[in-house]
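> This is the structure alone, sequence omitted:
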């Protein structure tokens, strides 16, 4: 999020209305639980265990290159990856995040008829 927000700010044009919002999109407004991989154990850039952490018994030092992409509002979606990552349950962390409906986001940014692009990564709600 920080990288994207900085990129948008660096190239901002007053003629364009671009908003970067760090929020989960859900079927309700409020706080939701977001499940992700513990980045103190695994480096999200490489997918390797960080120095000082050993793989679980039977595990590989390089569990999966895509660990930084494993995040969802659905724990069930996270656990679908356990055949690639031994001991996955021990690597999952839960983070409480703010969530809004699409309608709330549109209203907050006064977007109704002039919306051109809305990009949503619907982790956990894409079933």
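Great, that's in hand. As the structure is a computational prediction, the values presented were derived from the model and not from experiment. Numbers count the residues shown, from 1 in each chain.
> List the buried residues in the longest helix along the chain.
When every helix of the chain is counted residue by residue (DSSP state H), the longest turns out to be helix 2-10. Of all the residues in helix 2-10, not one is buried under the rule 16 or more other C-beta atoms under 10 Å. C-beta coordinates here come from the backbone N, C-alpha and C atoms, glycine included.
> Given the next helix or strand after that helix, what are its sheet partners and their directions?
Later in the chain than helix 2-10, the nearest helix or strand by DSSP states H and E is strand 24-25. Sheet neighbours of strand 24-25, with direction, are listed as strand 92-100 (parallel) (DSSP bridges).
> what's the average pLDDT for the partner strand?
Averaging pLDDT along strand 92-100 yields 93.
> ok, and what's touching that strand?
Counting contacts by C-beta atoms under 8 Å, 6 or more residues apart in numbering, the residues outside strand 92-100 that touch it are 23-26, 28-38, 75, 78-79, 108.
> Next, the buried residues of the following helix or strand past it.
Past strand 92-100, heading to the C-terminal end, the next element that is a helix or strand (DSSP H and E) is helix 102-108. Judged by neighbour count using 16+ other C-beta under 10 Å, the buried positions of helix 102-108 are residue 105.
> Verify the contact between residue 118 and residue 102 for me.
Yes. Under the criterion of C-beta atoms under 8 Å, residue 118 is in contact with residue 102, at a separation of 7.4 Å.
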